[in-house]
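Enquirer: Give me coordinates for this.
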Amino acid sequence: YSSLFAAEAGIPTPLGTSDLTSATGGNYVLNIPLYYDTGPDTAAVTIDGWTTSATNYIRIYTPTNTSTEVNESQRHSGKFNAKKFYLDGSSIILR
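Expert: Next comes the predicted model:
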């Protein structure tokens, strides 16, 4: 997906559910990695409509492990870096 908004909106379709907790829903942990591609993510996003629990949740993260996740860490080293993933002018609402 090209943005966190697009990922949150599009994931229920391939999963077939937005219920991450039930055996019929899939008993999922949903991982959404965020990658720097060509610039900042500028789309506002609301994360809602999901059924989650302590063991079935949504993890939104920037990959850092260069041997198992990504060829270059996506996380900054403590100060802003325009060549790492970042939200620019976006808002994230979790419900």
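
Enquirer: so what pLDDT did Asn71 get?
Expert: We note a pLDDT of 68 for Asn71 in this prediction.

Enquirer: My error: substitute Ile58 in the last question.
Expert: On pLDDT, Ile58 comes in at 92.

Enquirer: One more: Leu34?
Expert: On the pLDDT scale, Leu34 gets 85.

Enquirer: Then the one 10 residues further on?
Expert: The predicted local distance difference test score for Ala44 is 85.

Enquirer: Over to the one 10 residues further on?
Expert: pLDDT, Ala54: 92.

Enquirer: Look at it and say how many residues are nearby.
Expert: Neighbourhood size, Ala54 [other CB atoms under 10 Å]: 6. For the C-beta atoms, the positions are set from N, CA and C on the backbone; glycine is no exception.

Enquirer: give me the element it is part of.
Expert: Following DSSP states H and E, there is no helix or strand that holds Ala54.

Enquirer: In this structure, where's the longest helix?
Expert: Taking DSSP state H as the criterion, the chain has its longest helix at helix 4-10.

Enquirer: all helices for the protein, in order.
Expert: With DSSP H, the ranges of helices along the chain come out as 4-10, 12-15.

Enquirer: Those: which one's closest to Thr46?
Expert: helix 4-10 (7.8 Å; CB to CB).

Enquirer: Quick one: residues in contact with that closest one.
Expert: 1, 32, 34, 41, 43-47, 60, 87, 90, 92 (CB atoms under 8 Å, 6 or more residues apart in numbering).

Enquirer: Mind checking which of those residues land in strands?
Expert: Secondary structure from DSSP state E places 32, 45-47, 60, 92 of these in strands.
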